[in-house]
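Student: predicted structure and sequence below. I'll ask about it afterward.
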Amino acid sequence: MNNEALNRVLAEKGLQLRALDEDHCLEAFDCGQDPRMTDWFCSTAHRWQQEDLCRVWVISPLDNESKPLGFFTLSAAQIIPAQVARSERAAHSANRPWANALQGAFPALLLGKFALDQDVQGSGLGAMLMLGAFAKHVQASDAAGIKFLILNVREERLVSYYCTEYGFIASTSTATDPVRTASQSSRRRQSVTPIEKKSISTPLYRSTAAIRADLNAVLEP
């Protein structure tokens, strides 16, 4: 995936996307509806990125590069076959017989956080932010096998939003902690309590093949 093509499309909108760095001014960022997301971005994102728990990507205006308009995070994860429709387990029809029989988890990237500043919500900037997420996902898949981009969604309205706007598929298997990142596994080993409060969420996924096809249509001149 050509990074120059992504930069060109964003620049046409007066935007840029780059990894979180010390030049970003986070204090004024406020995503509005979810104070925990705002707090994480402003106070924790740098530390998580320093420890390679995730990579934080920030979209900002070209003429004000320090001002975050939105951000997303990507990290390594897996999704089990039971949470993926059989029709989505193979990118090529000839591979379906053996791909549908795989028992091990599929390699994936987790789109862990995705948020816009409340001042730009409803402006269409979400589509540009997701375009960046798709592009970074495909770039990663060019270096390592990554079959799906996945999300872990706890609100029904967001399930509809991601499926309708961005082509994700909701798993028919609702599970507790359906996707597990390396950092989550590490924390579980370090601190185990007799009783853990678990939240129910809906796994969403989209195949790398589908994302790549969409990106080629948008980014290729």
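Tutor: On my side now, so go ahead.

Student: tell me where this protein has strands.
Tutor: Secondary structure of the chain (DSSP state E): strands at 15-19, 55-61, 70-79, 106-116, 148-153, 169-170, 175-176, 200-207.

Student: what's the spacing between the longest helix along the chain and its chain's center?
Tutor: Of all the segments of type helix in the chain, defined by DSSP state H, the longest one is helix 125-143. The chain centroid and the centroid of helix 125-143 are separated by 8 Å under C-alpha atoms, centre = their mean, to the nearest Å.

Student: what do you get for stretch 150-158?
Tutor: That offset, for stretch 150-158, works out to 12 Å (C-alpha atoms, centre = their mean).

Student: what about that stretch, average pLDDT?
Tutor: Mean pLDDT, computed over stretch 150-158, is 91.

Student: stretch 89-103 now?
Tutor: pLDDT averaged over stretch 89-103 gives 94.

Student: circling back to that earlier point, which secondary structure elements does the longest helix of the chain contact?
Tutor: On a contact count with 3 or more C-beta pairs under 8 Å, 6 or more residues apart in numbering; DSSP states H and E, helix 125-143 meets helix 3-12, strand 15-19, strand 55-61, strand 70-79, strand 106-116, strand 148-153, helix 156-166, helix 208-219. C-betas here are computed from N, CA, C, even on glycine.

Student: picking up where we left off before, and the strands of the chain: which comes nearest Gln33?
Tutor: Taking C-beta to C-beta, strand 106-116 is the member of the strands of the chain nearest to Gln33, at 9.2 Å.

Student: in its sheet, what does that closest one sit against?
Tutor: strand 70-79 (antiparallel), strand 148-153 (parallel) (DSSP bridges).

Student: deepest of those, which one?
Tutor: strand 148-153 (a mean of 24; mean count of other C-beta atoms under 10 Å).

Student: quick one: that strand to strand 200-207, angle?
Tutor: Orientation of strand 148-153 against strand 200-207 (axes from the mean of the first three to the mean of the last three C-alpha atoms, to 10 degrees) gives an angle of 160 degrees.

Student: give me the contact list for strand 148-153.
Tutor: Outside strand 148-153, the residues within contact range by C-beta atoms under 8 Å, 6 or more residues apart in numbering are 77, 79, 84, 106-112, 114, 133-134, 137, 159, 162, 168, 177-179, 201-208, 211.

Student: what about 6 Å?
Tutor: If you take C-beta atoms under 6 Å, 6 or more residues apart in numbering as the criterion, strand 148-153 is touched by 79, 106, 108-111, 137, 159, 179, 201-202, 204-207.

Student: nearest residue to the middle of this protein?
Tutor: By C-alpha atoms, centre = their mean, the chain has its centre lying nearest to Leu111, at 1.8 Å.

Student: the residue nearest to it when sequence neighbours are not counted pairs with what?
Tutor: Among residues not flanking Leu111 along the chain, Leu151 sits closest, at 5.1 Å (C-beta to C-beta, 6 or more residues apart in numbering). Counting by DSSP bridges, Leu151 forms beta bridges with Leu204.
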